[in-house]
Structure formats: C-alpha cells, structure tokens
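*Asks:* here's a sequence, model it:
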Amino acid sequence: MSAEQNLNWITSFIWGIADDVLRDVYVRGKYRDVILPMTVLRRLDALLEPTKQAVLDLGKRLDIAKIQNRDAALRKAAGQAFYNTSPFTLQDLRARVRQEQLRADFEAYLEGFSPNVQEILDKFKFRNQIPTLVDADILGSLIEKYLDPGINLSPEPVLDASGAERLPGLDNHAMGTIFEELIRRFNEENNEEAGEHFTPRDVVRLMAHLIFEPVAEQLESTTYLVYDGACGTGGMLTVAETTLQELAQQRGLVISTHLYGQEVNPETYAISKADLLLKGEGEEGDKIAYGSTLSSDAFPTLDFDFMLSNPPYGKSWKKDLDAMGGKKDMLDRRFVVTHDGDPEFSLITRTSDGQLLFLVNKLSKMKRDTALGSRIAEVHNGSSLFTGDAGQGESNIRRWIIENDWLEAIIALPLNMFYNTGIATYIWVLTNRKSEQRRGTVQLIDATSWFQPLRKNLGQKNCELSEADIRRILDTFERLEESEQSRVFPNAAFGYWKVTVERPLRLRVDLSETRRARFRRACRAAKEEPLANLVDRLARTLGEGPLLDYNAVLAAAESQSERDHINLTAKRLKLLQAELAERDEQAEPVVRTRRRAKMGEQRGKDDSLNGRYHVDEGGQRWAIEYEPDSELRDTEQVPLLEEGGIAAFINREVLPYAPDAWVDDGKTKIGYEISFNRYFYKPQPLRTLDEIRADILALERETDGLLGQVLGETL
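*Replies:* This is a model prediction of the structure:
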C-alpha cells in the first residue's frame, strides 16, 4: 500500500466510525463534535505512549518537591509540546466494562492533559458529549474503533510476528493531512456554514502564490512571520507555510516560519490549534489566539512579513464597536489614522459589515523597516469595492490604501467558488514595497472565466481553480500588461471629488388680504400678534404684491420693526418666510450674507464657482453670498483625473443647465470606488429583426397547435 493509499484508507476508516458508532445517537451534522476531538486525542495518545512512564515519574518527583511551575519540564519529559499526567492511556481504558467506571477514568484521562490541550478540549466542548456517549453506551465502542489494529495513528510502524512492517507509521505531516481532509469533508456535509470557516484550497493556493512568488528572488535564509487575523481552521496558514517552504527549497534556502492567527469561533479555533499539534508544531499553536481581532487584537506589538485572510462578509461588528468605545470615542489607532493632514481620519465602517476592518488591521501590522516590507492577500465580496459614500469609512479605507500606493491588484474570481455562497468574490493583493513598474498603478484582473467545473457540486461550489488556472492568473499578474482580462490604471483613476451643487433660494412674497389673514392666524397661534400688525403696515407701504425681491421686503420689515419697536427675532423671521413667502424661479435670489469687500477683494473678480459674488453700490464694493435652496441641492462626482478639475466639470456639465449654480467648497469630499463592471462589461449585441420575427412566427405556430388540441379534445 502506497503512502497516499494509506492516508486515504485511514481517512475513510475514521469517517466510517461516525456512521458505525454515532448514527443512531447523533444527527449527521453533529458527528464532527465527536470525531474531530477523538481523532486529536488518539493521535496525541499515540505520540505520548513512548514517554508515558517518564512523564509519570517526573510528575511524582515534582509533586514531592511541591514545584508548581512544571509545564516546561513535563513537555521536555514527554518530548512533545504537550503531555498527559493521568495514569491512563486509551489502551488502558478499552478494558473497562462498567460504563460508570469508564466515564470516571475517561474524564480523569482528559484532565491529565497539558493546558494547551485542555483549551482545545474546552473549545471543542468535548466534555459536553461524554454524558450522551455514556448514556447511549457507545463510549467504549468509540475508543475501541480508534484502537482498531487495522489502522495506525502512531508515528511508529506496526510490525507483524516476523518483524516485517504491517502498517506504516504516520509522520506529523501525514497526520495533519488526514485531519485537514476530515475537516474538509465535515465542512462539505455542513455546507451552509462552510464558507464562514473554510476557504477552498484552490483559492488558498492562489492567495499563497500571490504573496510569495512576486518576491521569490528576494527571499533569504531567515525567519518569516505569517499572519491570518481570521484564521478559521488554520488552513490558510498551513498552505502558506508549505508554499513558502517549497519556494525556499527550489532556491536552496533554509527558511523558518512562525504562524500567527486569531479566531473568534471557539470550535474552529480549537481545530486550528489541534491541527498544529498534530503536525508537530505544538509551539506554533501557542501563537493562535482566541477572541475578536477587531476589539481584542492579540498581537498589537507585532509586525508580519506575509498576511492572508478570508474575513467574514456582511457580519455585524456592533458588539466590537461598543467594546471599543463607539465611533465617537474610538481609541484604537488602527482604525483612526493620520492621513492627508487629518489626524483623525476615520476608517470606521458601517456596523453591519466589518470585513474591510480586517484588512485595515493587517495594514497596521506591515513591516516598515525591511527591504521586503509586507505582502497581503485578502478575499472580499463586491461590497468592499464600492459601498460607502465619500468621507465614509469604506471609501476612506479605499482612499487611504490607494493614496498610500499599497494596492497592487484586485482579482475577480469565478462565481460559485465558495461552499455557502455564489456571490462574486475578489482577492485584494497589497504591499508596502511595490516594484518600480507597479508604483502609482493598480491592476484589475478578470479571472471569472478561468475555472474547471466540478463533477459534483459541494454546496454552492460548482467549480474550482485548476493548477493551470492558478498559473494563468499568476502569469497575468506578473506580466502587468493590458489585455481583455487585465487592465492597469493610475491610482487616481478610482478617486473622485463629491461636490455639493447649490442653487439660490428665490422667494416671492404675497401680502394679499387673504394671505395676511392666514398669517394673522399663524401669529395668534404663535403668540406673535404684533408681527401681524407690522405686516399689515408693510402691505400699505409695499403693496400686496406679488413681490419678487425677498431681500427688499426683509429690509422694509426691518425698518418698520424699528419704528414699531418690534425686535425681529429668528423665530419671527422664520414665521415671515414660512407663512408669506413661496419659491418662485422668477424671483430674485435671497441674500444670506452681505458684507463690505475686503482690501484684496476690491478689484477681484467674482468667485461664482463657489458662490461668492461682488456688487458695487453707493461707492462701496460688497461681497455677497446667496441662501442655498435645499430642495434644489444636488451632488456630482467629479473624477480626480478630470482635465481642468472641478471647475471644468461644472462649466461643462452643470452651468449650461443651471447658470446660477455654484459649488459649496466646504462640503467637497474625496471618495474612492472600484467598478469592475465599468472596465470589463461586455455588452450583448441586440438580436436582429429576422431573429425576432422567426421567434414570433414559431411561437404563433406553437400556440395554434395547442389551441387546436384543446378544441379537438373539447369537441
């Protein structure tokens, strides 16, 4: 039996244990709650068997010496990054006949494991399964199955009576492969959850190559730190490590890697740590942290060489935001940064979706003092490309990334690549050490048509990236050339000014008897009857109207108020406008501010683009700004690459249709968005008239035939 056949046999055997032992006790979706932790236990048990007595002897000596800090010593005695101080092995427990005795001894066996294994068992919630296993009288059968002489989970081979190898031993890598395969199968069984915790290996391989291959010739024989802030079951980290080691071997390098990750889901966190233990990387397991990456960053002082993730999409992070003090009191400098002269530039997104914050977290952990810097690959759905208006968190993140020239490329993946969703997904590739040819640019790659169909759907996943597809994407990325599937843009191509276009408020005043009667009722209700008397006197002075200059009416009202000793408060002015004035395009613009022009403005021209005008009256030059009409307010997106800037755009696109419009420059904001459809959309040609006519005639013949059948059956 070849090594590959042996792995497949063991995996299938363990997979079969679930149906053999658990079928009538657990539903299929819950098999993993027992099988995964039991597989971990059996492998750890097999690894500890050779040094079991040495650990027990040392434990007794440490007890006699009353030494409390014993973890390091016991690990050394066990020869592993873990140990078990109970007097039992699984082999000892198989002889138990009474269920209660088996339960007591099995629980004592679990209690004997080192703290790192205890944490795995706690996160698996495996102890919660023991009452069910005991009550159903299947705990003994379960242990017996894992000790079956037909499989060997030990690193040592099993020999026959003649001393020949009957079953090969399993090294740590092979055991890790079996465990990963079990995880994959369980994720496929529970495909409604799989995309949340499990990224398909073809996508992970592509991501790993994207962060390593472009700098393969710059790698050195040294130590590299790899990080995943949403590590799930740890698959991205292990694939990344394997890929990096393969590239190192091809170049004759000796590279050491340290894997760091953080995961908020307890079960997937346990799987991640267990996987590293099974691969003989127990100390690396100590670098996998439990908790929320957003609100409880486990590695605030570390920077990493390579980072990759598939963060959750569309998942609320309100709980994290509350724990971080809310938007107003955010203290975490990962998400409030200094940019473009703004020391409080906010990267805080909507609480309904925090996926881009995982990318921000990685960018805060880039190495800035090495020649290689840091490289990042992260999967996002389409919303990260365009959600968020100018000045809002998502847009600010895109702006911060692109204006710092960190974004190398975004790759559109085929649809239905993931187990639980068919939505469009994209890989973002970033670095703070762009090559000379990439500086100032972003590459967009449309890889949506590069895939191989699966023979059988896995949840919603109906296709995969073959090695040829991965190579094609990598070659397209490395060439950085324009093609049907590759476009290269200057950074500023994705930016725009969001400008607020105002038009003046124009009011007509009606002082007719009917209108003044209504105004008097409004004044009576507001306890402002003296104001109604003032308006009656205005009507006698100005006439009933309609009066098309609100400014003149207001000036007359102010003069009359001085004579009547009535103070025109803000409340009274509001009442005048609300009850006597109406919008009228033919009326004069309402003046908001009128002041004497400053020295530099005496001979200056109007700044009509920004709504600042000058008039000469009575030998004086006056600076005037008009009151904007909120109902006519509009916004425009002006590309940053617009020739002539905002002024040229407004002169071309706005003023020909609204000559009195201006831009409120105090409200202008910069935004960024990336639209794949805009750059890669291929319009479908319209059908010809002959094709349409043929379809209509065919439909008529079909309906005539059906009608004939109906009439024939009726008759």
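
*Asks:* gap between the two ends of stretch 428-443?
*Replies:* With Cα to Cα, to the nearest Å as the measure, stretch 428-443 spans 10 Å from end to end.

*Asks:* run through the helices of the stretch 601-715 of the chain in chain order.
*Replies:* With DSSP state H, counting those that start in this stretch as the criterion, the stretch 601-715 of the chain has helices at 645-653, 676-680, 689-714.

*Asks:* and of those, who's closest to Asp369?
*Replies:* Each of the helices of the stretch 601-715 of the chain was scored for nearness to Asp369 using Cβ to Cβ, and the closest is helix 676-680 (35.1 Å). C-beta: built from backbone N, CA, C; applies to glycine.

*Asks:* thinking again about what came up before, which one of the helices of the stretch 601-715 of the chain lies nearest to His614?
*Replies:* Evaluated with Cβ to Cβ, those place helix 645-653 nearest to His614, the distance being 18.3 Å.

*Asks:* off-centre distance for the closest one?
*Replies:* Distance of helix 645-653 from the chain centroid (Cα atoms, centre = their mean, to the nearest Å) equals 35 Å.

*Asks:* what of stretch 253-263?
*Replies:* 23 Å.

*Asks:* may I see the buried residues of that stretch?
*Replies:* 255, 257-263 (16 or more other Cβ atoms under 10 Å).

*Asks:* and for stretch 173-189?
*Replies:* When neighbours are counted by 16+ other Cβ under 10 Å, the buried residues of stretch 173-189 are found to be 174-189.

*Asks:* ranking helices and strands of the protein by mean pLDDT, which lands last?
*Replies:* Lowest on mean pLDDT, DSSP states H and E among the helices and strands of the chain sits helix 191-197, with a mean of 47.

*Asks:* other SSEs contacting whichever helix or strand comes after that helix?
*Replies:* For helix 191-197, the succeeding helix or strand toward the C-terminus, using DSSP states H and E, is helix 201-212. On a contact count with 3 or more Cβ pairs under 8 Å, 6 or more residues apart in numbering; DSSP states H and E, helix 201-212 meets helix 235-250, strand 306-309, strand 375-381, strand 425-431, helix 467-479.

*Asks:* which of these is buried the deepest?
*Replies:* Between the helices and strands packed on helix 201-212, strand 306-309 has the highest mean count of neighbours, a mean of 28, where neighbours are mean count of other Cβ atoms under 10 Å.

*Asks:* partner strands of it, parallel or antiparallel?
*Replies:* Each strand that pairs with strand 306-309, with its direction, by DSSP bridges: strand 223-228 (parallel), strand 375-381 (parallel).

*Asks:* quick one: which of the buried residues of stretch 253-263 is nearest Ala447?
*Replies:* Using Cβ to Cβ, the shortest approach to Ala447 within the buried residues of stretch 253-263 belongs to Gly261, at 26.7 Å.

*Asks:* any idea which element the closest one lies in?
*Replies:* In this structure, Gly261 is located in strand 256-263 according to DSSP H and E.

*Asks:* tell me which strands and helices that strand is in contact with?
*Replies:* In terms of contact count using 3+ Cβ pairs under 8 Å, 6+ apart, strand 256-263 is assigned the packing partners strand 223-228, helix 235-250, helix 266-278, strand 288-290.

*Asks:* which one of the ones you listed lies nearest to Asp629?
*Replies:* Shortest separation from Asp629 across the helices and strands packed on strand 256-263 is recorded for strand 223-228, at 52.7 Å, computed as Cβ to Cβ.

*Asks:* average pLDDT across the closest one?
*Replies:* When pLDDT is averaged along strand 223-228, the result is 97.

*Asks:* okay, buried residues for it please.
*Replies:* Quick answer for strand 223-228 (16+ other Cβ under 10 Å): 224-228.

*Asks:* kindly report the same for stretch 527-544.
*Replies:* Residues of stretch 527-544 classed as buried by neighbour count (16+ other Cβ under 10 Å): 528, 531-532, 534-535, 538-539, 542.

*Asks:* how about these, which pair is most distant?
*Replies:* Greatest spacing in the buried residues of stretch 527-544, by Cβ to Cβ: Glu528 and Leu542 (20.0 Å).

*Asks:* chain neighbours aside, what residue packs nearest to Pro504?
*Replies:* For Pro504, the nearest residue in space outside its immediate sequence neighbours is Pro589; the separation is 3.4 Å by Cβ to Cβ, 6 or more residues apart in numbering.

*Asks:* next one: Gly59
*Replies:* With Cβ to Cβ, 6+ apart as the criterion, Gly59 has its nearest non-adjacent residue at 4.7 Å, and that residue is Thr85.

*Asks:* isn't the one you found right up against Val55?
*Replies:* Yes. In this structure, Thr85 sits in contact with Val55. The criterion is Cβ atoms under 8 Å, and the distance is 6.3 Å.

*Asks:* thinking again about what came up before, to Ile211, which of the helices of the stretch 601-715 of the chain lies closest?
*Replies:* Using Cβ to Cβ as the measure, helix 676-680 is the one of those that comes nearest Ile211, at 21.6 Å.

*Asks:* now for that closest one, which elements pack on it?
*Replies:* In this structure, helix 676-680 packs against strand 407-412, strand 441-446, strand 486-490, with contacts taken as 3+ Cβ pairs under 8 Å, 6+ apart.

*Asks:* direction included, what does the second one pair against?
*Replies:* If I follow you right, that is strand 441-446. Strand 441-446 has these partner strands in its sheet, going by DSSP bridges: strand 407-412 (parallel), strand 486-490 (antiparallel).

*Asks:* so which of those strands gets nearest Ala216?
*Replies:* strand 407-412 (15.3 Å).

*Asks:* among the helices and strands packed on strand 256-263, which is nearest Ser486?
*Replies:* When the helices and strands packed on strand 256-263 are compared by Cβ to Cβ, helix 235-250 sits nearest Ser486, at 23.1 Å.

*Asks:* what stretches of the stretch 351-500 of the chain score poorly on pLDDT?
*Replies:* The stretch 351-500 of the chain contains residues with pLDDT under 70 at 420, 458-459.

*Asks:* could you do the chain as well?
*Replies:* Scanning the chain with the threshold set as pLDDT under 70 gives 1, 188, 190-198, 420, 458-459, 599-606, 705-715.

*Asks:* distance of the residue of it positioned farthest from its centre from Leu554?
*Replies:* Centroid-distance maximum for the chain: Arg540 at 67.4 Å, with Cα atoms, centre = their mean. Here Arg540 is placed at a distance of 17 Å from Leu554 (Cβ to Cβ, to the nearest Å).

*Asks:* gap between the two ends of stretch 659-676?
*Replies:* 35 Å.

*Asks:* give me the residues contacting it.
*Replies:* When contacts are defined by Cβ atoms under 8 Å, 6 or more residues apart in numbering, stretch 659-676 is touched by residues 382, 385-386, 388-391, 395, 398-399, 402, 410, 412, 426, 442, 444, 446, 494-504, 589, 608-611, 628, 637, 640, 646, 650, 654-655.

*Asks:* kindly write the ChimeraX command that selects the buried subset of these.
*Replies:* Of the contacts of stretch 659-676, the buried ones go into a single ChimeraX selection, burial set by 16+ other Cβ under 10 Å:
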select :382,385,386,388,390,395,398,399,402,410,412,426,442,444,446,494,495,496,497,498,499,500,501,502,503,504,589,609,610,611,628,640,646,650,654
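
*Asks:* what's the local residue count around Pro87?
*Replies:* Neighbourhood size, Pro87 [other Cβ atoms under 10 Å]: 13.

*Asks:* same check, this time on Pro157
*Replies:* Look at Pro157: counted by other Cβ under 10 Å, it has 13 neighbours.

*Asks:* thinking it is in contact with Leu167, fair?
*Replies:* Yes. Assessed by Cβ under 8 Å, Pro157 is found in contact with Leu167 at 6.3 Å.

*Asks:* thank you kindly, that will do.
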